[in-house]
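Colleague: Got a predicted structure here, sequence first:
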Amino acid sequence: MNRRDFLRYHLQGAFALAAGSTGLLLPKESMAVGEPDIVVVEGAPGAATRAALNLLGGMGQFVKPGDRVLIKPNMSFSHPPESATNTHPEVVRELAVMCKEAGAAKVLILDNPLASAKRCLERSGIYDTCNPIDDCTVAMITSSKHFKRVDIPKATDMTSNEVMKEVLKSDVLIAAPVAKSHAAAGVSLSMKGMMGLIRKRRAMHWRYDLDTSIVDLCTLLKADLAVIDASRVLSTNGPGGPGKVLHEKKIIVSKDMVAADACAVSMFEWYGRRFKPRQVGHILEAHKRGLGRMDVENLTIKTMTL
Amino acid sequence: MSLRRAIQLISLALFLFFLIVASTSFGSYLPVDSFLQLDPTHFMGTLVSARYFSLSFLTAILVLLITLVLGRIFCGYICPLGTTLDGTDKIFCPSHEKRPRLGNLRPIKYYIIAFLFGAAVLGVSLIFIAAPLSLITRFYGLVVYPVFALFADGILSIIQPLADRFGISSLVFAQIKTPRFATQFFILVFFAAIFASARFSPRFWCRYLCPSGALLALVSRKPLLRRRVTEDCTDCGKCVESCPMGAIPEDPCLTLHEECIVCRTCEKVCPVDAVAFTSEVPGQPSHGVEFSQTRRRFIASGLTGAVTAAISLTGLKAVSNQGALGQVADPRLIRPPGALPEKEFLSRCVRCGECMAACPTNTLQPIWFQAGFIGLFSPALNMRRGPCDPECIRCGEVCPTNAITNLLKNERIWAKLGTAVILRHACLAWEHQKKCLVCDEVCPFDAVVFKDEPEHEVPVPHVIEDRCAGCGYCEYFCPVQNQAAIVVTPMGALRQSRGSYEEEAKRQGLKLVLRPKDEYGLPESEEKDTRGPAPGFTE
């Protein structure tokens, strides 16, 4: 990131915050008292990410000085950002920069690819955008030596799997998926994205029930912060595309993975139709098991347009 | 260290360097197959068996021409197998007195080359049995390199925690891929035998067996620069004893020049400096004649080769011509992208294993008898080990005989390897009603679609044959264990010796497209009616 961009994003963020705090730009429902459960900001990917996090209360509540932060974006397809199969590089960069500002000692941006790791890193744009940031590493992890077998105590089906050691070492886990459809799971958002941090994901298809095991996994890998990149939404033929891409220009953030995912489901069109969060198996199950809330109509949602 | 040792080590190092480079992404910028092209057996054998000549074989011709002038310096200075044997001989070779005495085995190498030519005349390439560069490339590429990589990755794992502590982030997640290969134990045992043959004499292989040594010997009976002995010779016999090739007969004034590899050990050990390698003719015959009475056996060996080839051509799996009736081939034999039609392919492939060492996904493996006896050690894809990257052209780049076409980047995706077939009885979606879509997710060509079918609770996969390039991503990632539920079969594979793959594929109506750019981000207005089944959602 060059300095001009950096400053621009900061200014946009500061402006957004100022505007937001005076209520100038906000619709009424977002003026609810206290911190919102979900924030939705419309704007350029990077700026919207910053504004949304600031409205949620700032990165400082998640990242403390000296923390190791792990960001899990979607970057396991060797496609460019416009395909909407990977998280937008500017969203990931903004998150990494904000973590650094909050004092993070180390920011790791990791995924486990489905195609040539090198080309995924290159074409997603995330490596070039984020790796130059100080103390920030973008890498693909495939070798079994970087994984460790872990029990999942709260599981009902998948009681163990192999998790990236880095996840276990990090203090903060941020889910940063792109919003996309998924032929087996309905949608692939922050919860489904956690499958990128484990090694034996094939078993989730053949041995376990996919929806149940996604929830099992999220009881273990419960992200502290979910940032859904809906700047582009892959509305059909996900997760690999090519499908219909909606240019929604939105960023959804929440401390609750389930709420963020549920919000994304209800907010956009999928296969030309509208769905309720309960129509996505793993969201419904996560809600029932108390992992988070899918009843977005009862939650405080703050929205803003930059 | 003598000059010769230095040259040998540099040559071996260069050979290994090229091999390592071939297995990294820098492969395309260096002539990584150049050593393989020096081997006269590769050149002559391929010339005869495949009726194929390539300009790159000029280097092998150069080797033959140089040998005419300087003798077998290729064997003494360049050949990586020779250098390796010089090293292992130090371990295995007993001192001179303890060696068992052998009869005259020298002609064997001529019989071997005659055997190979006899087979080659019938279009069958058996040079992989004995061509030294093919053997040594296979040895280092498929046996030594994986072990080396395994250790290197082990060391890396040890230092990675330190790298993390000192913030060397580039190292923390680095990994050295350890390739794994089939047939390696055969290669190992074969080489163990070659190494152990030093019990009988140093450079046993080079003296008695090497077909390239034989070819070079044929042109080095009277090289311009050769060993000469002056009248100062005291007949002490030190040179006779020390010659690693046994090229000095009882009379040390004479030399079997065709056996001499110009190592100049005799010159070094001579106490009276009577030995020199010069072009001067001191007016005395320098050449010792040893073997005779071999013409009959030589011809017999050639005939044996021809008969072996004929037998192999009547083997059940032999390919007489492409697409002939009653073709028996392994149902899962998938050749590398751009591989020539099978018959031509086998006659050109020297089984050096360079393509396998270079393959970034390790899917290229040497085979046993899936393609019959004459297909031994030839490369085939094992999709369960790795998919074939549709943007990768490495195997063709490194192939020394173009048995695998060196495809241009834009031609590559049209080189269809086969077609994926779903084994519905094993499929998680079709048979077990599980939510699985992995084949669709990973297909780089979007050739797998999931549809709702009556009597199926979950969407089930279908392959669109015209879009399938047979890359094997689906087979590799299929979560069904051992036998995948979607497999690539050779059906529809494109293999041609000339012409454009793209034109042929398009002529056949194939739509092999790597998720093209213009399909991304469809303008919302253009695709209004996306209403339809929404896989994965519940009603």
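Modeller: That came through, no problem. Numbering: from 1, shown residues only, chains lettered A, B, ... in the order given.
Colleague: which stretches of the chain form strands?
Modeller: All of this refers to chain A. A:38-42, A:68-73, A:106-111, A:136-140, A:147-151, A:160-164, A:172-176, A:178-182, A:186-188, A:225-234, A:245-246, A:250-254, A:301-305 (DSSP state E).
Colleague: wait, chain B
Modeller: Assigned strands in chain B, in chain order: B:226-229, B:275-278, B:364-366, B:379-381, B:419-422, B:448-451, B:460-463, B:486-489 (criterion: DSSP E).
Colleague: What's the end-to-end length of stretch B:450-468?
Modeller: Distance between the two ends of stretch B:450-468: 15 Å, counting by C-alpha to C-alpha, to the nearest Å.
Colleague: Now tabulate the strands of chain B in TSV and tack on distance to chain A and mean neighbour count.
Modeller: For every residue, glycine as well, the C-beta is placed using N, CA and C. Formatted as TSV, the strands of chain B follow (distance: least, C-beta to the nearest C-beta, whole Å; neighbours: other C-beta atoms under 10 Å in any protein chain shown):
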stretch	distance to chain A	mean neighbour count
strand B:226-229	53	22
strand B:275-278	51	17
strand B:364-366	16	24
strand B:379-381	16	26
strand B:419-422	15	22
strand B:448-451	5	19
strand B:460-463	9	20
strand B:486-489	13	23
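Colleague: Turn the ones you listed into JSON lines, columns for distance to residue A:134 and mean pLDDT.
Modeller: Below are the strands of chain B laid out as JSON lines (distance: least, C-beta to C-beta, whole Å; pLDDT from 0 to 100):
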{"stretch": "strand B:226-229", "distance to residue A:134": "67", "mean pLDDT": "89"}
{"stretch": "strand B:275-278", "distance to residue A:134": "63", "mean pLDDT": "89"}
{"stretch": "strand B:364-366", "distance to residue A:134": "41", "mean pLDDT": "97"}
{"stretch": "strand B:379-381", "distance to residue A:134": "43", "mean pLDDT": "97"}
{"stretch": "strand B:419-422", "distance to residue A:134": "45", "mean pLDDT": "97"}
{"stretch": "strand B:448-451", "distance to residue A:134": "42", "mean pLDDT": "88"}
{"stretch": "strand B:460-463", "distance to residue A:134": "45", "mean pLDDT": "94"}
{"stretch": "strand B:486-489", "distance to residue A:134": "45", "mean pLDDT": "96"}
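Colleague: what would the ones you listed look like in TSV with distance to residue B:103?
Modeller: Converted to TSV, those look like this (distance: least, C-beta to C-beta, whole Å):
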stretch	distance to residue B:103
strand B:226-229	24
strand B:275-278	27
strand B:364-366	35
strand B:379-381	39
strand B:419-422	57
strand B:448-451	65
strand B:460-463	63
strand B:486-489	53
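Colleague: Out of those, which gets nearest to residue B:480?
Modeller: strand B:486-489 (8.3 Å; C-beta to C-beta).
Colleague: And the closest one, what does it pack against?
Modeller: When contacts are defined as 3 or more C-beta pairs under 8 Å, 6 or more residues apart in numbering or on different chains; DSSP states H and E, strand B:486-489 sits against strand B:419-422, helix B:473-477.
Colleague: May I ask you to confirm that residue A:185 is in contact with residue B:441?
Modeller: No - contact criterion C-beta atoms under 8 Å: residue A:185 and residue B:441 do not qualify, at 10.7 Å.
Colleague: And the pLDDT at residue B:262?
Modeller: According to the predicted model, the pLDDT of residue B:262 comes to 93.
Colleague: mind listing what it touches?
Modeller: B:70, B:71, B:72, B:73, B:76, B:77, B:225, B:277 (C-beta atoms under 8 Å, 6 or more residues apart in numbering or on different chains).
Colleague: same deal with residue B:237?
Modeller: So residue B:237 contacts residue B:252 (C-beta under 8 Å, 6+ apart).
Colleague: ok, the residue lying closest to residue A:164 once chain neighbours are set aside to residue A:166 distance?
Modeller: Leaving out its chain neighbours, the residue that sits closest to residue A:164 by C-beta to C-beta, 6 or more residues apart in numbering or on different chains is residue A:197, at 5.1 Å. Between residue A:197 and residue A:166 the computed distance is 8 Å (C-beta to C-beta, to the nearest Å).
Colleague: Helices of the stretch 1-150 of chain A, start to end?
Modeller: Along the stretch 1-150 of chain A, counting by DSSP state H, counting those that start in this stretch, helices occupy A:3-22, A:45-56, A:89-101, A:117-124, A:126-130.
Colleague: is the second one anywhere near chain B?
Modeller: Think helix A:45-56. No - using C-beta under 8 Å from any C-beta of the partner chain, we find that helix A:45-56 stays clear of chain B, coming within 14.3 Å at best.
Colleague: For that helix, buried residues please.
Modeller: Residues of helix A:45-56 classed as buried under the neighbour-count rule (16 or more other C-beta atoms under 10 Å in any protein chain shown) are A:45, A:46, A:47, A:48, A:49, A:50, A:51, A:52, A:53, A:54, A:55, A:56.
Colleague: So which of the residues you listed is the closest to chain B?
Modeller: Set against chain B, the nearest of these by C-beta to the nearest C-beta is residue A:45 (14.3 Å).
Colleague: and the closest one, what does it touch?
Modeller: A:88, A:90, A:91, A:94, A:229, A:231, A:249, A:251.
Colleague: what about the closest residue to residue B:208 other than its chain neighbours, how many neighbours?
Modeller: Excluding the flanking residues, the one nearest residue B:208 by C-beta to C-beta, 6+ apart is residue B:105, at 4.2 Å. The number of residues packed near residue B:105 is 14, by other C-beta atoms under 10 Å in any protein chain shown.
Colleague: Setting the sequence-adjacent residues aside, check what's closest to the residue of the stretch 351-500 of chain B found nearest chain A.
Modeller: Using C-beta to the nearest C-beta, the closest approach of the stretch 351-500 of chain B to chain A is made by residue B:479 at 3.6 Å. Excluding the flanking residues, the one nearest residue B:479 by C-beta to C-beta, 6+ apart is residue A:202, at 3.6 Å.
Colleague: so who does the one you found touch?
Modeller: For residue A:202, the contact set (C-beta under 8 Å, 6+ apart) comprises B:438, B:477, B:479.
Colleague: what about the worst-scoring helix or strand of chain B on mean pLDDT, near chain A?
Modeller: Within chain B, no helix or strand scores below helix B:169-172, which has a mean of 78 by mean pLDDT, DSSP states H and E. Yes - Helix B:169-172 lies within reach of chain A by C-beta under 8 Å from any C-beta, at B:169, B:172.
Colleague: if we can go back for a sec, where do the contact lists of residue A:197 and residue A:166 overlap?
Modeller: Common neighbours of residue A:197 and residue A:166, counting by C-beta under 8 Å, 6+ apart, are residue A:110.
Colleague: which of those two has more neighbours?
Modeller: Shown here are residue A:197 and residue A:166; by other C-beta under 10 Å, residue A:197 has more neighbours (25 against 22).
Colleague: What distance do you get for residue B:141 to chain A?
Modeller: From residue B:141 over to chain A the distance is 22 Å, taken as C-beta to the nearest C-beta, to the nearest Å.
Colleague: didn't that residue look like it was pressed against residue B:354?
Modeller: Yes - look at residue B:141 against residue B:354 with C-beta under 8 Å: they come within range, at 6.4 Å.
Colleague: which neighbours do these two share?
Modeller: Common neighbours of residue B:141 and residue B:354 (criterion: C-beta under 8 Å, 6+ apart): residue B:19.
Colleague: between these two, which one's more packed in?
Modeller: residue B:354 (33 against 25).
Colleague: Would you mind listing the residues in contact with residue B:500?
Modeller: The contact partners of residue B:500, by C-beta under 8 Å, 6+ apart, come to B:411, B:414.
Colleague: what are the phi and psi angles of it?
Modeller: Main-chain torsions, residue B:500, degrees, to the nearest 10: phi -80, psi 130.
Colleague: Just grab the bridge partners of residue B:365 for me.
Modeller: Applying DSSP bridges to residue B:365 gives these bridge partners: residue B:380.
Colleague: For the spatially most central residue of chain A, give its distance to residue A:167.
Modeller: For chain A, residue A:176 is the residue whose C-alpha lies nearest the centre (C-alpha atoms, centre = their mean; 2.1 Å). Taking C-beta to C-beta as the measure, residue A:176 falls 14 Å from residue A:167.
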